[in-house]
Each structure stands twice: as structure tokens, then as C-alpha cells.
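# Could you work out the structure for the sequence below:
(chains A and B)
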Amino acid sequence: SQTIHQWPATLVQPVGSPLSLECTVEGTSNPNLYWYRQAAGRGLQLLFYSVGIGQISSEVPQNLSASRPQDRQFILSSKKLLLSDSGFYLCAWSVNSGDEQFFGPGTRLTVL
Amino acid sequence: GENVEQHPSTLSVQEGDSAVIKCTYSDSASNYFPWYKQELGKRPQLIIDIRSNVGEKKDQRIAVTLNKTAKHFSLHITETQPEDSAVYFCLNRDDKIIFGKGTRLHILP
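All right, here's what the predicted structure looks like:
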């Protein structure tokens, strides 16, 4: 069966520090991968999605970036965090773009 | 601008009564209409979805209806129970993937 992992589960970082969140998927090949951010009490905002290794589409211009160094690995990064980057970051995967998305457990990021 | 509108943003329903949440979309080419449920502090999970070739799908107490002419689809929960309390999101995909802003459903005892 397929599983999706994210780490860390929680993170507290100072403003201006770098960020690296990792997401890995097991049990499937060539998944579509997604990064979402959810601010407290708000909806899900798509940040990046990837249909294959090295292929990243950015939905919202900001100080975040994403990379997909391996088929089932998706990384969200920042060189300098802002206060507004605080939120709940969710990674998800799907077989195809028009299919059900399966979400990871999420990373709760607090920028102080 | 946004191409998905979800209403209401909050909904309080007496236990045992029904709840209806609606999403309106703009792209007539959309053909996949899912609903996700997110319990407090947890990840969203798909609860029901429908493709554009059918008008209604039901799974026990949950149903989704699609009106392609009017470009809206709705989530129906009947005989609501305390565990139905959560935030519900619709999703629409055309050129972009956009989730609705969510509906916080409270089931009142």
C-alpha cells in the first residue's frame, strides 16, 4: 500500500533562518506531488506541484522554492523565512492530476 | 481571480438533521468534483467524489450532487452525528488546482 511521510512534524524557526521540509512517498511510482500551506483557520493554498523529477510548477510567487531530486521525494525550501510563512504545510500525492489526492500528516511551522 | 466559491463558511446543525455545503465553479471543462474532510489538527481526507458523467453519488449518509448547467456541486450529509464536526473543502481543477475556502461544520447536541 502507499504511504506518505513528512518531517519534521513541528518546527519553530526564527525570522530570516532557512527552511527545509521533506516529503516522501512509498508504494507508487511517478506520482504527482503537491505542497500546500494552510494558515490557521484558513483554506488550503497550493504552493507547488510536480509531475515528474525536476519538474516543478509554482502557483504563488514568494520566498519559497521546491525541488524533486528523486521520483518520490519532494522538498520545500526557503533561504530566509518570514513571519508570514507560519502555517501548516501539507504534502500530497495523486496518481494523475485529476485523481484523489492523499495528504501527508503535515508540518506545523511557527516563525518567530 | 478565484474560480471556486464555497458556502457557507460555517454551519451549525442539530444532531440528526441534514447539512448541505455548496461549491460553485467557473470552468465548464471541469470534470472531477471531490469533497475533503479535515478534522481538527489532522490532514484532509477524501470523503466522496463525482465525475462529470453522473449527477449524483451516494455513500451511506454522504452524497454529492452535480449540476453542470449551473456549475455547482454540493455535499449532503444526512442524519448528522458528532463525528461529522470538521472542516469540509471542495476542490476544482481546470488550469489550476483550487480548494474552496472551507466550511466549518458544527454538530450541536
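# Roughly how far does A:E100 sit from chain B?
Per C-beta to the nearest C-beta, to the nearest Å, A:E100 is found 5 Å from chain B. For the C-beta atoms, the positions are set from N, CA and C on the backbone; glycine is no exception.
# Does that residue touch B:L46 like I think?
Yes - between A:E100 and B:L46 there is a contact at 4.8 Å, judged by C-beta atoms under 8 Å.
# which residues are common contacts for the two?
B:P34 (C-beta atoms under 8 Å, 6 or more residues apart in numbering or on different chains).
# How about residues contacting the helix or strand of chain A with the lowest mean pLDDT?
For chain A, using mean pLDDT, DSSP states H and E, the weakest element among its helices and strands is strand A:55-58, scoring a mean of 91. When contacts are defined by C-beta under 8 Å, 6+ apart, strand A:55-58 is touched by residues A:L47, A:F48, A:Y49, A:S50, A:V51, A:A66, A:S67, A:R68.
# Okay, and which of those map to strands?
A:L47, A:F48, A:Y49, A:S50, A:V51, A:A66, A:S67, A:R68 (DSSP state E).
# Let's have these in CSV, adding pLDDT, neighbour count and distance to chain B.
Putting those into CSV (pLDDT from 0 to 100; neighbours: other C-beta atoms under 10 Å in any protein chain shown; distance: C-beta to the nearest C-beta, whole Å) gives the following:
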residue, pLDDT, neighbour count, distance to chain B
A:L47, 94, 19, 11
A:F48, 95, 22, 11
A:Y49, 93, 24, 7
A:S50, 95, 20, 12
A:V51, 93, 14, 12
A:A66, 96, 21, 15
A:S67, 96, 16, 19
A:R68, 97, 20, 17
